[in-house]
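**Q** Below are the sequence and a predicted model; questions follow.
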Amino acid sequence: MNSYFRLVLTLMFLCLATTLYAWGAKEKSQAEPEVATIPETKVVQVTGWLRSVGSEPLNELVITGTDGEWYVAREEQHKLKDLRYRTVTVEGTVTILELKADNGMPTLIFPTLSNITIIAIE
């Protein structure tokens, strides 16, 4: 009886372990979100309030204007960091970064400015 009980428990454990392993495995659709860069780049002029979002050390500079939010590329932030919380007009090249969900639909779109030239400071 004791060996029969051990055999049944071992088989139950193996069935449970393989089921739990299958439940924990990631499917291809549940992989990490995909970030795509839309290749279209163009030069734009943006006017808006320059603000800082996030927390150190990963804060971002964002220009909030009437036409939306424009993220400043990390390599360009040194040009604008002393102008935070002021209204600025800049010209730069915009690149659209798009974060996609598991089903392939875009969830977040980040227009990012690079090659920035400061036009006006208010």
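**A** Sure thing, it's come through. Numbers count the residues shown, from 1 in each chain.
**Q** For the protein, which segments count as strands?
**A** Per DSSP state E, the chain carries strands over the ranges 34-53, 60-65, 68-72, 87-100, 106-121.
**Q** Now mean neighbour count too, for these, in TSV please.
**A** To be clear about C-beta, it is placed using only N, CA and C from the backbone, and glycine gets the same treatment. Output for those, formatted as TSV (neighbours: other CB atoms under 10 Å):
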stretch	mean neighbour count
strand 34-53	13
strand 60-65	19
strand 68-72	18
strand 87-100	17
strand 106-121	14
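**Q** Going by mean pLDDT, which of those comes out lowest?
**A** Lowest mean pLDDT within the strands of the chain: strand 34-53, a mean of 77.
**Q** can you put the strands of the chain in JSON lines and add distance to residue 14?
**A** Below are the strands of the chain laid out as JSON lines (distance: least, CB to CB, whole Å):
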{"stretch": "strand 34-53", "distance to residue 14": "36"}
{"stretch": "strand 60-65", "distance to residue 14": "50"}
{"stretch": "strand 68-72", "distance to residue 14": "51"}
{"stretch": "strand 87-100", "distance to residue 14": "38"}
{"stretch": "strand 106-121", "distance to residue 14": "40"}
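**Q** How about residue 85: what's its closest non-neighbour residue?
**A** In space, and not counting its chain neighbours, residue 85 is closest to residue 51: 6.3 Å by CB to CB, 6 or more residues apart in numbering.
**Q** Distance of residue 116 relative to residue 54?
**A** As judged by CB to CB, to the nearest Å, residue 116 and residue 54 stand 19 Å apart.
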